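A.B. asks: Show me how the following folds:
(4 chains)
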Protein chains: 4
Amino acid sequence: MMADGLAGGLAACDAAEGSLVPAAVAESLVAVGRRMDARGWVPATAGNLSARLAGDRLAITRSGVHKGFLAAADIMAVDFAGQSLSPGLKPSAETLLHCQIYELWPEVGSVLHGHSVPATALTLALPEAEAIHLAGYEVLKAWSTITTHDASVALPIIDNDQDMLRLARRLAPLLESGQAPIGYVLRGHGIYVWGADVNAALYRLEALEFLLATEIERRKLA
Amino acid sequence: MMADGLAGGLAACDAAEGSLVPAAVAESLVAVGRRMDARGWVPATAGNLSARLAGDRLAITRSGVHKGFLAAADIMAVDFAGQSLSPGLKPSAETLLHCQIYELWPEVGSVLHGHSVPATALTLALPEAEAIHLAGYEVLKAWSTITTHDASVALPIIDNDQDMLRLARRLAPLLESGQAPIGYVLRGHGIYVWGADVNAALYRLEALEFLLATEIERRKLA
Amino acid sequence: MMADGLAGGLAACDAAEGSLVPAAVAESLVAVGRRMDARGWVPATAGNLSARLAGDRLAITRSGVHKGFLAAADIMAVDFAGQSLSPGLKPSAETLLHCQIYELWPEVGSVLHGHSVPATALTLALPEAEAIHLAGYEVLKAWSTITTHDASVALPIIDNDQDMLRLARRLAPLLESGQAPIGYVLRGHGIYVWGADVNAALYRLEALEFLLATEIERRKLA
Amino acid sequence: MMADGLAGGLAACDAAEGSLVPAAVAESLVAVGRRMDARGWVPATAGNLSARLAGDRLAITRSGVHKGFLAAADIMAVDFAGQSLSPGLKPSAETLLHCQIYELWPEVGSVLHGHSVPATALTLALPEAEAIHLAGYEVLKAWSTITTHDASVALPIIDNDQDMLRLARRLAPLLESGQAPIGYVLRGHGIYVWGADVNAALYRLEALEFLLATEIERRKLA
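C.D. replies: This next block holds a predicted model:
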């Protein structure tokens, strides 16, 4: 683990022979997976971790692997239509949700998706809610667009769907209109969050999980 | 820990001299025990971990050891009647519950049993319930027979019993009729879950523990 | 960490030069302290860990040290009156509570005391209760005197006191009359538990902490 | 990690060339950051860790870094007005709150600030409260001014503010009048705590986090 966080720079790194994914990118996603596993955010084969590559491509965890036990070879390349560029490797169906975010915002360098107990419990306990409203939290400043705790920020909740194209279409107006949300939660499923690079996305994931864990405790005390 | 999870293949592995348990099988169960311990699922000497061996035998943790501190020598062989094949080593009484599962389903390669706070608290808090109904959870897809979160799955609860033959008889109709359950919970005791191999069983255990931890939080928020 | 748990045998081990505490005893208590710290049971300098030595003496953690960062030199010898036998080292005031247990039961080889959130919260939330009644828990079988989950076991709660002699006198009738309790809890303070050796005491501590953590969840769900 | 805790002595340690921060000071803060991260108390880039240096200066974590991934180079020197003495490094805005404590009490050698779920949830759940009253807790003895559990201690809650000078002015009467508090909590933000050195401050942080985690559970059970 390097001094400036989990990920090294992408710049001067060549991909392993035969792979389209630079070794440093793969290593940073492997490290993020281990950290998410240590926090309990990727049970079984849950979650998907990705990073932007040059040329409208992304590196993403392949389908069906445990994110706490990733090897570099489990990180594959796909194009922005979610098609595999790594012979023999199959991407997760949810790859399309990653692609949607990269296409929409050129400044996004990494997208992380995990399943946590607080995100899952809170969205199922609020079956009608379209957002969780987060107010008074200093940690909201993890998003550079938020400069004070004295704000009420809506974290959108979207009903889960096994049809990724339909889900992406439902997400589109939410992502594209006005200010970008700080992330979103699929009900009963988990969090999607993004940032300029793998570290930035990880820090926002940590901030969001902290907010949801706190929100659950606050509601139980109320 | 290998790239493809906790367990290596069983194929080309010979047992340590004098043992009926191939070293790779023992190692994979030792690794699972450490992981379950790190999650707090095997307090004291709780839990039993097993894997199918060739010839209607299984490898299982011996009686009375802490699953977080296992050595390969703590993994013994028994036949499908639960009788020790490892001279001097005594199997746990609950070995019979493992045998029952292996006999019933030839495709099962590993059975895991742990005690967790959520499984124990939830079954004791619902003294009359015969099942926990899990609905709306993406993580249910950890079972290949479940292809959507939009399902309600019953996790059976069985009253605990110190008489393993009687317990196995009570379990039989539940296991044998219709579709196999995703696992089961002994009230005030813990989870039994199984899979094609040690990794598959571990992933389902993680999924089930995640579901129960989430279910507890959902109920407290309701 | 050895295959058979945290502690090695005491038999053939010599004490470090100038110390009355055999190295293996010190190491086993250091290891238990690290494990309790990892579980969050010894915040700040909380807790006391001890093991019986030959000749009516015990090895115990010295006063004021963090149990997660123990060195062998932090384990001192005291006599059964709680007087230091290690020049320059001061035992904790609570050493007397350890001595009381060793004097009472010759078969006890180790006493462990930690502070956990569940033990502290539950005893403060039940200000009038003289015991926590634990029923239906398989984990109760961690005590060899309990052979079935189908039992109701009383874990005594004693009001905390800064006067250790007075506290020991109040504990005496509880410990000496009839069957020994499975341990006890000082209200707002923590658990005392014991066993034949350091491993046995640790396993019972784990069992007791599991029971209290589960009991808290069960009560919140009720 | 050294036997006497996380931090070594400051005495004979020279700063790394070009740095005003002795290496041992930087190392002790790096170690505290890792420990706080393992406990979940510094999500994203939350928290600030500092230690007193000679000559009215302090060593403090620079702005915007993750406290779980600190390198020695992330520890910078500032004067008591919060001005950077480390060329090119920017201190956190909250540095002023650290300076206030060092200026007020010459015996304070370290100040720690973290964000935890219990501190954040409890202060937001009590929007009108000016303090959390802690009574009956043995762990209160982590403060040498408190010699018994039989005490009720007020942990002040201050409304959060992005204007640090204004916040420091609001804190002043609280800190300066009568007996020093055991620490304080910024509402929706986190804990500030201090001690004679880095270890002493860490132990008090652990005690305070333990108290708040327990207080939350006690209130839910009530």
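
A.B. asks: Would you mind listing what in chain A touches chain B?
C.D. replies: For chain A, the residues found near chain B under the criterion Cβ under 8 Å from any Cβ of the partner chain are A:40, A:43-46, A:65-66, A:69-71, A:73-74, A:115, A:117-118, A:120-122, A:124-125, A:160, A:162, A:186-190, A:216, A:219-220. C-beta here means a position set from N, CA and C on the backbone, and glycine is covered the same way.

A.B. asks: Which of the residues you listed fall within strands?
C.D. replies: For the residues of chain A next to chain B, the ones inside strands are A:186, A:190, with DSSP state E as the criterion.

A.B. asks: Just the buried residues of the residues of chain A next to chain B.
C.D. replies: By neighbour count, with 16 or more other Cβ atoms under 10 Å in any protein chain shown, the residues of chain A next to chain B hold A:40, A:43-46, A:65-66, A:69-70, A:73-74, A:115, A:117-118, A:120-122, A:124-125, A:160, A:186-190, A:216, A:220 as buried.

A.B. asks: now, which of the residues of chain A next to chain B lie close to chain D?
C.D. replies: Restricting those to those near chain D - Cβ under 8 Å from any Cβ - leaves residue A:220.

A.B. asks: Helix C:198-221 and the helix ranked longest in chain A, what's the angle between them?
C.D. replies: With residue count as the measure and DSSP state H as the assignment, chain A has helix A:198-221 as its longest helix. Per axes from the mean of the first three to the mean of the last three Cα atoms, to 10 degrees, the angle that helix A:198-221 makes with helix C:198-221 is 60 degrees.

A.B. asks: Please identify the helix or strand for the residue nearest the centre of chain A.
C.D. replies: The structure's chain A has its C-alpha centroid closest to residue A:112; by Cα atoms, centre = their mean the separation is 1.9 Å. Assignment of secondary structure by DSSP states H and E places residue A:112 within strand A:110-114.

A.B. asks: List of residues touching that strand?
C.D. replies: Strand A:110-114 is contacted from outside by A:32, A:36, A:41-42, A:46-52, A:67, A:94, A:97-98, A:101-102, A:190-198, A:200-202, A:205, A:209, using Cβ atoms under 8 Å, 6 or more residues apart in numbering or on different chains.

A.B. asks: buried residues in it?
C.D. replies: Neighbour-count burial for strand A:110-114 flags A:110, A:111, A:112, A:113, A:114 (criterion: 16+ other Cβ under 10 Å).

A.B. asks: How about the first one, nearest residue that isn't a chain neighbour?
C.D. replies: Read that as residue A:110. residue A:201 (3.9 Å; Cβ to Cβ, 6 or more residues apart in numbering or on different chains).

A.B. asks: got it, and the last one?
C.D. replies: Across the structure, with Cβ to Cβ, 6+ apart as the measure, the residue nearest residue A:114 apart from its sequence neighbours is residue A:41 (3.8 Å).

A.B. asks: Distance of the one you found relative to residue B:31?
C.D. replies: Using Cβ to Cβ, to the nearest Å, residue A:41 is found at 21 Å from residue B:31.

A.B. asks: The two: which has the busier surroundings?
C.D. replies: Per other Cβ atoms under 10 Å in any protein chain shown, whichever of residue A:41 and residue B:31 has more neighbours is residue A:41, with 27 against 21.

A.B. asks: Name all residues that make contact with that one.
C.D. replies: For residue A:41, the contact set (Cβ under 8 Å, 6+ apart) comprises A:47, A:114, A:115, A:116, A:205, A:209.

A.B. asks: Now with 10 Å, please.
C.D. replies: By Cβ atoms under 10 Å, 6 or more residues apart in numbering or on different chains, the contact list for residue A:41 reads A:33, A:35, A:47, A:67-68, A:112-119, A:190-191, A:205-206, A:209, B:210.

A.B. asks: and if you look at residue A:58?
C.D. replies: For residue A:58, the contacting residues are A:21, A:25, A:50-52, A:76-80, A:82, A:85, A:91, A:95, A:98-99, A:101-102, A:109-111, taking Cβ under 10 Å, 6+ apart as the criterion.

A.B. asks: re the thing from before, wait, the residue nearest to residue A:110 sits on residue A:143?
C.D. replies: No - here residue A:201 lies out of contact with residue A:143, judged by Cβ atoms under 10 Å, at a distance of 11.8 Å.

A.B. asks: who has more neighbours, those two?
C.D. replies: Each of residue A:201 and residue A:143 had its neighbours counted (other Cβ under 10 Å), and the higher figure belongs to residue A:201 (24 against 21).

A.B. asks: re earlier: I'd like the buried residues of strand A:110-114 laid out as a markdown table, including pLDDT.
C.D. replies: Output for the buried residues of strand A:110-114, formatted as a markdown table (pLDDT from 0 to 100):
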| residue | pLDDT |
| --- | --- |
| A:110 | 98 |
| A:111 | 98 |
| A:112 | 98 |
| A:113 | 98 |
| A:114 | 98 |
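
A.B. asks: nearest to chain D, of the residues you listed?
C.D. replies: In terms of Cβ to the nearest Cβ, no member of these lies closer to chain D than residue A:112, at 12.8 Å.

A.B. asks: The closest one pairs with what?
C.D. replies: residue A:49, residue A:193 (DSSP bridges).

A.B. asks: that older thread, from residue C:174, how far out is the residue nearest to the centre of chain A?
C.D. replies: Residue A:112 sits at a distance of 53 Å from residue C:174 (criterion: Cβ to Cβ).

A.B. asks: how about the residues of chain A near chain C?
C.D. replies: residue A:220 (Cβ under 10 Å from any Cβ of the partner chain).

A.B. asks: Could you tell me which residues make contact with residue A:62?
C.D. replies: Residue A:62 sits next to A:48, A:70, A:73-76, A:78, A:84, A:86, A:88-92, A:95 when contact means Cβ under 10 Å, 6+ apart.

A.B. asks: how does it look with 8 Å?
C.D. replies: Residues A:74, A:75, A:76, A:86, A:89, A:90, A:91, A:92 are the ones in contact with residue A:62 under the rule Cβ under 8 Å, 6+ apart.

A.B. asks: you'd agree the third one is in a strand?
C.D. replies: It stands for residue A:76. Yes - in this structure, residue A:76 lies within a strand as judged by DSSP: H, G, I helix; E, B strand; the rest coil.

A.B. asks: my read: it touches residue A:83, true?
C.D. replies: No - applying Cβ atoms under 8 Å as the test, residue A:76 and residue A:83 come out as separate, 10.9 Å apart.

A.B. asks: Just the buried ones out of the contacts of strand A:110-114, please.
C.D. replies: With neighbours counted by 16+ other Cβ under 10 Å, those contain buried members at A:32, A:36, A:41-42, A:46-52, A:67, A:94, A:97-98, A:101-102, A:190-195, A:197-198, A:200-202, A:205, A:209.
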